[in-house]
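Student: Mind folding the following:
(chains A and B)
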Amino acid sequence: MSALLKHRLTWPVLALVLLLLLNQLFRADFLSVRVQDGHLYGSLIDILRNGAPTILIALGMTLVIASRGIDLSVGAVAAIAGAISCMYIYSSPDPTSLQTAATGVAIAVVAGLLLGAWNGFLVSVIGIQPIIATLVLMTAGRGLAQLVTDGQIISVSNDSYQAIGAGFFLGLPISILIAAAAFGAAGLLTRRTALGTLIEAVGINPVASRLAGLDARTITWTVYIFSGLCAAVAGLMISSNVTAADANNAGLYIEMDAILAVVIGGTSLAGGRYSLVGTLVGALIIQTLTTTVYTLGIPPEATLVFKALVVIAVCLLQSPRARTLFGRRRPPVPAQPRVEVAA
Amino acid sequence: MSVLTRPSAPLDRSRIGRLQGKARYAPTLATVGLFVAMFAIGAAMYPGFLSGQVFLNLLIDNTFLIVLAVGMTFVILTGGIDLSVGSVVALSMMIAAALLQAGWNPFAVILLVLLTGATFGLAMGLVIQVFEIQPFIVTLAGLFLARGLCYVISVESITVTDPFFTSMAQARIPLVGKLFVSPGVVIALLVVAVAFYLLHQTRFGRTVYAIGGGESSAVLMGLAVPRTKVLVYGISGVCSAIAGILFSFYSLSGYSLAATGLELDAIAAVVVGGTLLTGGYGYVLGSLAGVLVLGIVQTFISYEGTLSSWWTRIVIGALLLAFILLQKLFTRKVRLT
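Tutor: Next comes the predicted model:
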């Protein structure tokens, strides 16, 4: 029991369950999932579907933060990816075909990889602090997205493209299947191989890990490229869900949501340890929080205040000072190895 | 937190090269040089660019950014960052507009807005200092909170019709010839002067530089590090509130989506102005020059006519990158010698 209480994921999961129960109290049909037209419908499915872009971006962000970095540019990258694919589909001779949609998606994904590589280059080769290096793209990125769309909101009507964000496959939303696949792949790659440990090593001490024979530069570069990829796919989901590219508002503040999800999930902002499952729970908490605001009838405008209070509370609980205070009240806990096989 | 986390700040700082002697002024001088060059190019390209009023308009249109950059300079000099400034500007505007609409006395409103800004900044500073959380994440939460409070006050835009505010918006202070400035410019330059005095003539200012140079050394020297670190965020909060009032003078309204992304402009201005993001080096006058460079980019784009407004963001991003690389170059050179 005490081991359960001490587990890193206990509190986030508990918070998620409490949030869901709170919703159930106010809306009796909240937790029910029904089948309609061969698809699953219900608030839970909505939470998953609307949360898919955040989950995906938070996934990339987790690995970046584990390497003691941060990627502020994800919102801008998402906007650029949406803009590029919509612009390609919009201006192609056959804007409704599957092939056009596939090409548009492919171009956007490549763009995301390139933008991620750019961030990785600034951080790992030039050696700029991650906050500042990604701030450059965060500042210029929305300008680039507007450059692509010429300042317009580009609407497209392509069923294949729309399926990414709003379609269903085997009764489940495609967006959540994509997020789940990315999640599974990342979990396997980092936790079933040494990659995750290597990323954590770089996060703990880049110099020491380099001296120990790790190619710290390539690892750092890789996590930023992965983050760029996740952001691009999330951008495709966002733009496909509304079948339009809005360079100004697509993915606005999503970097904040993603960082928040990562922090709630117990990944240390100081780098060196991460939990993919924690991030998933964190992202779900954030999406449920947004839904809760609607369910409780609180004006939606207050969502930001809500989120801010949650960030502050979580950060205070995670802070070294709070832990010492907490530790003093209880008998000292023996140091335990923190190697966990999560995700 | 346990044995695995290391004291990151001191380790990082020891690897940063030190700017010595005259080299300290190099990034700031580069900014001033860039500004003069851009002004000269503008004068050569467009008739009517080379006038005192074009220069003064740079000040008039950017009063709030000047004040924000001043506050941000204090924070960045200590090695911190304040992402909340844009939202606090919007919150100040909303509070001012809502209270004026309710018939409050404008001076009471201004006082209350300043107090709110100071409280907000000090609260963030306290959280950063007492709980040892990274400034970046605390001020991010501040960004959310302030923006959310704006929405809570009103989702709609509120027009300001108060006679004092409108008179401040329309007032022109004539200078020699036909040149004029707005009262906002006087306030902004006053803020710059006060900041200059604080940073270079007081014990507080020296402590700010000392913290940026190396926090543990500053503590060992017996300087009031905790108090100073909290105060810089308070100063940034007050500056955001002043900027909010100046923005109200300029736009005569309060809108919850106003000033989105202004924190990025403020950080860009400070960096372009030659302040090292790692703290310890930089000048408030450099930040003023940084704002002017960002302003002249905007002027260029409006003079050019064919370029769309989003080029501003791209150019600012490019400038930001260029100056970060320049900083890297300067610090590296010094380390090698």
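
Student: Spell out the residue ranges of the helices in the stretch 1-150 of chain A.
Tutor: All helices of the stretch 1-150 of chain A, identified by DSSP state H, counting those that start in this stretch, fall at A:2-6, A:10-26, A:43-66, A:74-91, A:98-120, A:130-149.

Student: And these: which comes nearest chain B?
Tutor: Closest of the helices of the stretch 1-150 of chain A to chain B is helix A:130-149, at 2.5 Å (criterion: CB to the nearest CB). Bear in mind the C-beta positions are built from the backbone N, C-alpha and C, glycine included.

Student: does chain B sit close to the closest one?
Tutor: Yes. Judged by CB under 8 Å from any CB of the partner chain, helix A:130-149 and chain B are in contact via A:131-133, A:135-144, A:146-147.

Student: how about the closest residue to chain A within chain B, what does it touch?
Tutor: Closest residue of chain B to chain A, CB to the nearest CB: B:Gly317 (2.5 Å). Neighbour list for B:Gly317: A:136-137, A:139-141, A:143 [criterion: CB atoms under 8 Å, 6 or more residues apart in numbering or on different chains].

Student: Over to B:Asp61?
Tutor: B:Asp61 sits in contact with B:250, B:295, B:298, where contact means CB under 8 Å, 6+ apart.

Student: For it, give me the pLDDT.
Tutor: Looking at B:Asp61, its pLDDT is 88.

Student: Spit out the contact partners of A:Thr279.
Tutor: A:55, A:58-59, A:61-62, A:261-262, A:265, A:267.

Student: Could you tell me which ranges of the chain sit under the pLDDT cut-off?
Tutor: Here I'm looking at chain A. Along chain A, the parts satisfying pLDDT under 70 run over A:1-6, A:38, A:318, A:320-323, A:325-343.

Student: nope, chain B please
Tutor: Looking at chain B by pLDDT under 70, you get B:1-23, B:331-337.

Student: switch the cut-off to 80
Tutor: Scanning chain B for pLDDT under 80 picks out B:1-27, B:48-50, B:176-178, B:256-261, B:303-310, B:327-337.

Student: tell me, what residue is most central in it?
Tutor: Geometric centre of chain B, nearest residue: B:Ala69, 1.6 Å, by CA atoms, centre = their mean.

Student: Using CSV, write out every CA atom in the helix or strand containing that residue.
Tutor: Assigning secondary structure by DSSP states H and E places B:Ala69 in helix B:63-77. The C-alpha trace of helix B:63-77 is given here as CSV (Å, rounded to 0.1, in the frame of the first residue of the first chain):
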residue,chain,number,x,y,z
THR,B,63,6.1,53.2,-25.7
PHE,B,64,4.7,50.1,-24.1
LEU,B,65,7.3,47.9,-25.6
ILE,B,66,10.1,50.2,-24.2
VAL,B,67,8.7,49.9,-20.7
LEU,B,68,8.2,46.1,-21.0
ALA,B,69,11.8,45.7,-22.3
VAL,B,70,13.1,47.7,-19.3
GLY,B,71,11.3,45.4,-16.9
MET,B,72,12.5,42.3,-18.8
THR,B,73,16.1,43.6,-18.8
PHE,B,74,16.1,43.4,-15.0
VAL,B,75,14.8,39.8,-15.0
ILE,B,76,17.1,38.6,-17.7
LEU,B,77,20.1,40.3,-16.1
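
Student: A:Ile107 contacts A:Ser85, doesn't it?
Tutor: Yes. Using CB atoms under 8 Å, A:Ile107 makes contact with A:Ser85 at a distance of 6.6 Å.

Student: Quick check: residues of the stretch 1-150 of chain A near chain B?
Tutor: Contact residues, the stretch 1-150 of chain A versus chain B (CB under 8 Å from any CB): A:68, A:70, A:122, A:126-129, A:131-133, A:135-144, A:146-147, A:150.

Student: What subset of these is buried?
Tutor: Neighbour counting over those (16 or more other CB atoms under 10 Å in any protein chain shown) leaves A:68, A:70, A:122, A:128-129, A:131-133, A:135-144, A:146-147 as the buried ones.

Student: Which one of A:Ile107 and A:Ser85 is surrounded by more residues?
Tutor: A:Ser85 (32 against 16; other CB atoms under 10 Å in any protein chain shown).

Student: Please name the residues that touch that one.
Tutor: A:104-105, A:107-108, A:161, A:236, A:239, A:245.

Student: Let's see that with 10 Å instead.
Tutor: Counting by CB atoms under 10 Å, 6 or more residues apart in numbering or on different chains, A:Ser85 makes contact with A:100-101, A:103-109, A:111, A:148, A:154, A:156, A:158, A:161, A:164, A:232, A:235-236, A:239-240, A:245.

Student: same question, B:Phe165
Tutor: Neighbouring residues of B:Phe165 by CB under 10 Å, 6+ apart: B:96-97, B:100, B:106, B:109-110, B:245, B:248-249, B:252-253.

Student: repeat that with 6 Å
Tutor: Not one residue lies near B:Phe165 by CB atoms under 6 Å, 6 or more residues apart in numbering or on different chains.

Student: show me where chain B has strands.
Tutor: With DSSP state E as the criterion, chain B has strands at B:158-159, B:173-174, B:180-181, B:253-254.

Student: Given the last one, what are its sheet partners and their directions?
Tutor: Just to be clear, that refers to strand B:253-254. Paired neighbours of strand B:253-254 in the sheet (DSSP bridges): strand B:158-159 (antiparallel).

Student: The second one too?
Tutor: Taking DSSP bridges as the criterion, strand B:173-174 forms sheet pairs with strand B:180-181 (antiparallel).

Student: ok, residues contacting the partner strand?
Tutor: With CB under 6 Å, 6+ apart as the test, strand B:180-181 has contacts from B:56, B:172-174.

Student: of the contacts of B:Asp61, buried ones?
Tutor: Burial by neighbour count, 16+ other CB under 10 Å: within the contacts of B:Asp61 this picks out B:250, B:295, B:298.

Student: mind putting the residues you listed in JSON lines, distance to chain A included?
Tutor: Below are the buried ones among the contacts of B:Asp61 laid out as JSON lines (distance: CB to the nearest CB, whole Å):
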{"residue": "B:Tyr250", "distance to chain A": "22"}
{"residue": "B:Gly295", "distance to chain A": "16"}
{"residue": "B:Gln298", "distance to chain A": "13"}
